[in-house]
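**Q** Below are the sequence and a predicted model; questions follow.
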Amino acid sequence: MPMRRSEAEWTGSLREGGGRMKLGSGAYEGAYSFPSRFENGQGTNPEELIAAAHAGCFSMALSAALTKAGFTPERIHTTASVHLEADGGGFAITRIELVTEASVPGIDDAGFQQQAEGAKANCPVSKALAGTKISLQATLLG
């Protein structure tokens, strides 16, 4: 399996400084700063990138699980919300909420929920973030 790499560089103090994050593939490069991470400033932040990674990983894991169970998904859309909060000694990612909806012909809701929970438990990003509370709301579209 391939190894993936990304990089970041920060210059200056925490509040007045800034940085850039770059994906190893070159598909994304962007600025980040104190305001983009802890307020609503322009730029990205590590939590937003974690959310994108988790949403993408979960969607692929759910597709794989459904396919293995004999169902071909037409569409899976997932949103991941990553919560960064003060934890007494600094900050921590305290929880991640996955919200997914999918069109999957032939499966009933109970079967879909079972596959979605399995995907949440088994996607590599969920495993990497196992110390964080991860919730799932899964909706099977008619």
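**A** That came through fine. Numbering: from 1, shown residues only.

**Q** Please make it C-alpha for all contacts and neighbour counts, starting now.
**A** Fine.

**Q** Any buried residues in stretch 77-94, and which?
**A** Buried residues in stretch 77-94, counted by 16 or more other C-alpha atoms under 10 Å: Thr78, Thr79, Ala80, Ser81, Val82, Ile93.

**Q** Beta-bridge partners for the fifth one, please?
**A** In other words, Val82. With beta bridges defined as DSSP bridges, Val82 has these partners: Ile96.

**Q** Isn't it up against Leu129?
**A** No. Val82 sits out of contact with Leu129 when judged by C-alpha atoms under 8 Å, with a separation of 11.0 Å.

**Q** From Ser103, how far off is the residue nearest to Tyr28 when sequence neighbours are not counted?
**A** Closest residue to Tyr28 apart from its sequence neighbours, by C-alpha to C-alpha, 6 or more residues apart in numbering: Lys22 at 5.9 Å. Computed as C-alpha to C-alpha, to the nearest Å, the Lys22 to Ser103 distance reads 34 Å.

**Q** now swap in Gly56 and tell me
**A** Gly56 sits 17 Å away from Ser103 when distances are taken as C-alpha to C-alpha.

**Q** For burial, what's the neighbour tally of Gly142?
**A** Around Gly142 there are 9 other residues, counting by other C-alpha atoms under 10 Å.

**Q** these two touch, right, it and Ile107?
**A** No. At 10.2 Å, Gly142 does not count as touching Ile107 under the criterion of C-alpha under 8 Å.

**Q** The closest residue to Pro124 other than its chain neighbours: what's it in contact with?
**A** With sequence-adjacent residues excluded and distances taken as C-alpha to C-alpha, 6+ apart, Pro124 is closest to Cys57, at 7.1 Å. Shown in contact with Cys57 (C-alpha atoms under 8 Å, 6 or more residues apart in numbering): Cys123, Pro124, Val125.
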